[in-house]
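[1] Provide a 3D model corresponding to the input given below.
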Amino acid sequence: MALPVLYSLRNCPYAMRARIAIYKSKQMIELRDVVLKDKPAEMLIASPKGTVPTLVLSADGQTQKVIDESLDVMLWALRESDPDNLLRTKMPQGDTVQQSSAQLTEILGLVSGFDHEFKGLLEAYKCAKRYHETNLHECRQACEVYIQDLEKRLSSHAYLIDDQESLADIAILPFIRQFAKVERHWYLQSPYPQLKQWLNKYLQSPMFNKVMTKYPLWKTNQSKVKFGNLTKF
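    Modelled structure (predicted):
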């Protein structure tokens, strides 16, 4: 069976979280690292939108299904295989289907807030720093509303939802990584010890090193770069 193909960009937060979910799902895909200034024709044929991540699934050798939103790629991967129960579909004894569904709703709600609200504030913060704008402090404070919520959550349990890792952690992780880099000295002195511990645990993990491995840029007819775990194929 042909492997799914993932067009990716190493440092893009959206592509990063897609790779993390695929790694966590213990599946194998063909990874094609690209640069957006020189998008491969094969990628644009699959998805004219031309963004990463783009996941191409071969349905029957002729037709293709394409997923070109990072959260949808994550959900696809974990619905195929979720050994760590990141979607909370495996219910502890005594829990109901409604309780499991409520947890997933909470997870997706938290991710949505970071995707549609925090990410825009983070971009404004990065721009203020890059271009030495006078509103840097205000931009950081706007981001801190969301950072403070995460700190509160992590003061109550080990991960963002409870004491077990969930989709929320790996979906939000790349954005917090970016936030931590904007004003590095300020961040290291910031009053968010639980968040810093949570982030460091990920950044120093073997999983993150694997996900962030640098591969040669993909070219037509080159050898396949396999990523993930072969056990499902």
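
[2] For Phe208, give me the pLDDT.
    Confidence per residue is given as pLDDT, and for Phe208 that number is 98.

[3] how's this protein carved up into domains?
    Domain ranges of the chain: 5-87+209-232, 97-206, per automatic domain parsing.

[4] can I get these in a markdown table with mean neighbour count?
    From N, CA and C alone the C-beta is placed, and that goes for glycine too. As requested, those are arranged in a markdown table below (neighbours: other C-beta atoms under 10 Å):
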| stretch | mean neighbour count |
| --- | --- |
| domain 5-87+209-232 | 17 |
| domain 97-206 | 16 |
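
[5] rank these by pLDDT, which is bottom?
    Mean pLDDT values for the domains of the chain show the minimum at domain 5-87+209-232, a mean of 93.

[6] What helices and strands are in contact with the helix ranked longest in the chain?
    Within the chain, and with DSSP state H defining each element, the longest helix by residue count is helix 136-156. Packing partners of helix 136-156 (3 or more C-beta pairs under 8 Å, 6 or more residues apart in numbering; DSSP states H and E): helix 119-130, helix 167-182, helix 193-203.

[7] Mind checking what helix or strand follows the second one in sequence?
    Later in the chain than helix 167-182, the nearest helix or strand by DSSP states H and E is helix 184-189.

[8] Of the helices and strands packed on helix 136-156, which is nearest Asp72?
    Between Asp72 and the helices and strands packed on helix 136-156, the shortest separation by C-beta to C-beta is 11.6 Å, and it involves helix 167-182.

[9] I appreciate the help and will end here.
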